[in-house]
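Chemist: fold the following, please.
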Amino acid sequence: MMKFTTSAALFSLLIITEALASPYFIFSSPDSLSQSSKSKSSSTFGKISHDSSEKSHTSSSKSSSKSKGYMKFPAQKRQTSKSSSHESIINSSNSNKAAASSSNGTSDSTDGALAFDMTHQDAAYMLNLTIGSNNQPITLQIDTGSSDLWVINANNSWCSETSQGKGAYSTEKGNLDSGVQSDDEDDSHDCSLYGTFDPLDSDTWRATPGLFATTYGDNTGANGTWGQDTVTIQGVEIKDVYIAQSDETDEIWGVLGIGYRNNEATNVDTTMESAFTYDNLPITMKKQGLIYKNTYSIYLDQYSDNNSAILLFGAIDHDKYIGDLGLLPMATNSTELDVFLNGIYMNDGDSNVTIATGSDRALLDTGTTMTVLPSDVLEAILVLTGASVSKDKAGTDFYTVKCSSLKDQTFTFDFMGYELTVPLSGFVIKKSGETCILGFETAADMGVDYILGDTFLSNVYFVADLDDNEIAIALANTGSTTEDLEVITDSIPSATQAPDYSSTQDASGLILQPGLSTDSAGKGGKSSGAAANVKPSLANSLICSIVLMASLVLLI
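Modeler: The predicted structure is shown next:
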């Protein structure tokens, strides 16, 4: 399940040898060491952080024309149940959810640039829309990690009245297959909060062949059937959209997947006799002439009071990012938004630490709440940050640190030579006094070691081009209240290829830097030795020790 292995003997040896090691005794090549100044490109491209005060785009002259070919949908941020079980940590009031679900938004222009009041809660992107001839209101989670639009059928058995009140209780672990209901009122399942769909009430509903089945990382899922109907998003009508309606699901809301066609449930469900693909929502929008390319960008403003979350189809907003927009290729033969991650580094204000380097796939997934890391990498981060491990009521680990300790700590993610530096505070999902909870987790059977979920994506602005299989990414310009829209008709505008864009990546994995200890993880502090900050390799330290001993012999 996890890749974490303890290395106490190695760590003890490093404490001894590094006490003798000196910066003047470095015999290994720089690439094998975690030095305080990492080797970087001489170009300024790819070296940006939230500390940067300069923007590569000015906002003094914003586009006010009703440009054709893009549609902007404000999204609402909500807690996700897709791959995180931190319900007791990330909670939101039902009254706020219900109020948000009843607001469908109205168009403020004729060009598809739409706005409405939004709420900002941890930690999922939600979008209001209507389905059918009678415009049945539905609120769906936006998910880049899946590709199907599915809704909860009004006759879903899990939404029925019970003796305990409105909404059946879900299982304790959200396992649809168990068929056992929880006796905990905190697990109440009120499907009215986000809306349900009754195809019998829509004159435009047309049933299509095939069964629908999907499951998620937390063992929740949905079963149902397929059909086509009209979807209206804040006044923009999209006809003949493929929709799965689930009459058996333990999810509290449906999902709007906007990923690749080959990741559709009809193509990956092994229980189907014959797999097939269809035109999902983004492809349908393109074919109906609403956008030029199958592209979209996502922006979530986590750091200001604006509570803005924007899903922008067919265009890029240059006011929503800072610095250079790095262009990355999708991983070859990927069915999801996978890019290559080549390094993770940390800076505590005094020194840089290399945590892991190599090559691995990283999934950009708005449907995952946390940033998911291999267990050994996560354990090293916990040691370096001084985090402690606690458990929620479901027995799931979560990680706490003193909020004051986050001030100067940053992480740098290396994507094929393009580096993004984000503050550790950007990964905080909740504060309680002086205690901050970090939005990291480790999970098995996810299909990828690195999932960059909402706690990472809330720090960045990214554009997905599913026609040309590219991702453009930059740091988010938090607090942006203006827009500078540019329609995407060819390649992503203003994006520059990462330095190693054309390099061959083997995705063999990121290797934890030698000398990093994971022994103290969860004990509320860094290791007692200097291994994490001095950063010579084991071989380097041993050589230093030998040289010093030889010097002593010569002196004698």
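
Chemist: low-confidence regions, the stretch 351-500 of the chain specifically.
Modeler: Residues of the stretch 351-500 of the chain meeting the criterion pLDDT under 70: 443-447.

Chemist: the strands in it, which residues?
Modeler: 352-364, 371-372, 388-391, 397-402, 410-415, 418-423, 428-432, 435-438, 440-441, 450-452, 460-465, 470-476, 485-487, 495-497 (DSSP state E, counting those that start in this stretch).

Chemist: what's the closest of the ones you listed to residue 511?
Modeler: Among the strands of the stretch 351-500 of the chain, the nearest to residue 511 by Cβ to Cβ is strand 352-364 (4.8 Å). C-beta here means a position set from N, CA and C on the backbone, and glycine is covered the same way.

Chemist: tell me the angle that closest one makes with strand 410-415.
Modeler: Angle, strand 352-364 to strand 410-415, by axes from the mean of the first three to the mean of the last three Cα atoms, to 10 degrees: 60 degrees.

Chemist: got phi/psi on the closest residue to residue 402 other than its chain neighbours?
Modeler: Using Cβ to Cβ, 6 or more residues apart in numbering and skipping residues adjacent in sequence, the residue nearest residue 402 is residue 434, 5.7 Å away. The phi/psi pair for residue 434 (degrees, to the nearest 10) reads phi -90, psi 0.

Chemist: in contact with residue 434: list those residues for me.
Modeler: With contact taken as Cβ atoms under 8 Å, 6 or more residues apart in numbering, residue 434 is in contact with 402-404.

Chemist: would you mind checking those residues for buried ones?
Modeler: Neighbour counting over these (16 or more other Cβ atoms under 10 Å) leaves residue 403 as the buried ones.

Chemist: coming back round to it: select, out of the strands of the stretch 351-500 of the chain, the one closest to residue 315.
Modeler: Here strand 485-487 is closest among these (Cβ to Cβ), at 5.0 Å.

Chemist: can you give me the buried ones in the closest one?
Modeler: Residues of strand 485-487 classed as buried by neighbour count (16+ other Cβ under 10 Å): 485, 487.

Chemist: elements contacting that strand?
Modeler: Packed against strand 485-487, as judged by 3 or more Cβ pairs under 8 Å, 6 or more residues apart in numbering; DSSP states H and E, are the following elements: strand 315-317.

Chemist: parallel or antiparallel, which strands does the strand it packs on pair with?
Modeler: Strands adjacent to strand 315-317 in the sheet, as given by DSSP bridges, are strand 485-487 (antiparallel).

Chemist: could you dump the contacts of residue 434 to CSV with distance to residue 479?
Modeler: CSV is the format used below for the contacts of residue 434 (distance: Cβ to Cβ, whole Å):
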residue, distance to residue 479
402, 26
403, 21
404, 23
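
Chemist: returning to that earlier point: in TSV: the strands of the stretch 351-500 of the chain, plus distance to residue 210.
Modeler: As requested, the strands of the stretch 351-500 of the chain are exported to TSV (distance: least, Cβ to Cβ, whole Å):
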stretch	distance to residue 210
strand 352-364	26
strand 371-372	31
strand 388-391	41
strand 397-402	39
strand 410-415	37
strand 418-423	41
strand 428-432	38
strand 435-438	42
strand 440-441	34
strand 450-452	28
strand 460-465	27
strand 470-476	31
strand 485-487	35
strand 495-497	38
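
Chemist: which one of those lies closest to residue 378?
Modeler: Closest to residue 378 of these, according to Cβ to Cβ: strand 440-441, at 5.7 Å.

Chemist: so how many other residues sit close to the residue nearest to residue 264 when sequence neighbours are not counted?
Modeler: Leaving aside its sequence neighbours, residue 264 sits nearest to residue 147 (Cβ to Cβ, 6+ apart; 4.6 Å). Other residues near residue 147 come to 29 when the count uses other Cβ atoms under 10 Å.

Chemist: show me the contacts for residue 147.
Modeler: Residues near residue 147 by Cβ under 8 Å, 6+ apart: 257-261, 263-265, 280.

Chemist: what's the most distant pair in those residues?
Modeler: 258 and 265 (14.0 Å).

Chemist: what segments of the stretch 201-350 of the chain are strands?
Modeler: 206-215, 221-233, 236-249, 254-257, 295-300, 309-313, 315-317, 321-329, 338-347.

Chemist: can you list the strands that the third one pairs with?
Modeler: Going back to what we said before, that points to strand 236-249. For strand 236-249, using DSSP bridges, the partner strands are strand 149-152 (parallel), strand 221-233 (antiparallel).

Chemist: Throw those into JSON lines and include distance to residue 350, thanks.
Modeler: Formatted as JSON lines, the strands paired with strand 236-249 follow (distance: least, Cβ to Cβ, whole Å):
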{"stretch": "strand 149-152", "distance to residue 350": "49"}
{"stretch": "strand 221-233", "distance to residue 350": "47"}
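
Chemist: so which of the strands of the stretch 201-350 of the chain gets nearest residue 466?
Modeler: For residue 466, the closest of those is strand 295-300, at 6.9 Å, according to Cβ to Cβ.

Chemist: ok and that closest one relative to strand 352-364, angle-wise?
Modeler: Using the same axes, to 10 degrees, strand 295-300 lies at 130 degrees relative to strand 352-364.

Chemist: could you list every helix and strand in contact with strand 295-300?
Modeler: Packed against strand 295-300 by the contact rule (3+ Cβ pairs under 8 Å, 6+ apart) you find strand 309-313, strand 315-317, helix 454-457, strand 460-465.

Chemist: one more time with 6 Å, if that's ok
Modeler: Contact here means 3 or more Cβ pairs under 6 Å, 6 or more residues apart in numbering; DSSP states H and E; on that basis strand 295-300 packs against strand 309-313, strand 460-465.

Chemist: in a markdown table: the ones you listed, plus distance to residue 379 and mean neighbour count.
Modeler: Formatted as a markdown table, those follow (distance: least, Cβ to Cβ, whole Å; neighbours: other Cβ atoms under 10 Å):
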| stretch | distance to residue 379 | mean neighbour count |
| --- | --- | --- |
| strand 309-313 | 32 | 25 |
| strand 460-465 | 25 | 24 |
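
Chemist: so which of the ones you listed comes closest to residue 276?
Modeler: Nearest to residue 276 among the helices and strands packed on strand 295-300 is strand 460-465; the distance by Cβ to Cβ comes to 23.5 Å.

Chemist: what's next to that closest one, contact-wise?
Modeler: 295-297, 299, 316, 320-321, 337, 471-476, 492 (Cβ atoms under 6 Å, 6 or more residues apart in numbering).

Chemist: recalculate using a threshold of 8 Å.
Modeler: Under Cβ under 8 Å, 6+ apart, the answer for strand 460-465 is 144, 293-299, 316-317, 320-321, 325, 337, 364, 420, 422, 471-477, 488, 491-492, 495.

Chemist: verify the contact between residue 150 and residue 248 for me.
Modeler: No: using Cβ atoms under 8 Å, residue 150 is not in contact with residue 248, being 11.6 Å away.

Chemist: who's more crowded, those two?
Modeler: Per other Cβ under 10 Å, whichever of residue 150 and residue 248 has more neighbours is residue 150, with 26 against 16.

Chemist: and the pLDDT at residue 520?
Modeler: At residue 520, the model reports a pLDDT of 44.

Chemist: picking up where we left off before, do you know which of the strands of the stretch 201-350 of the chain lies nearest residue 438?
Modeler: With Cβ to Cβ as the criterion, residue 438 lies closest to strand 338-347 of the strands of the stretch 201-350 of the chain, at 12.9 Å.
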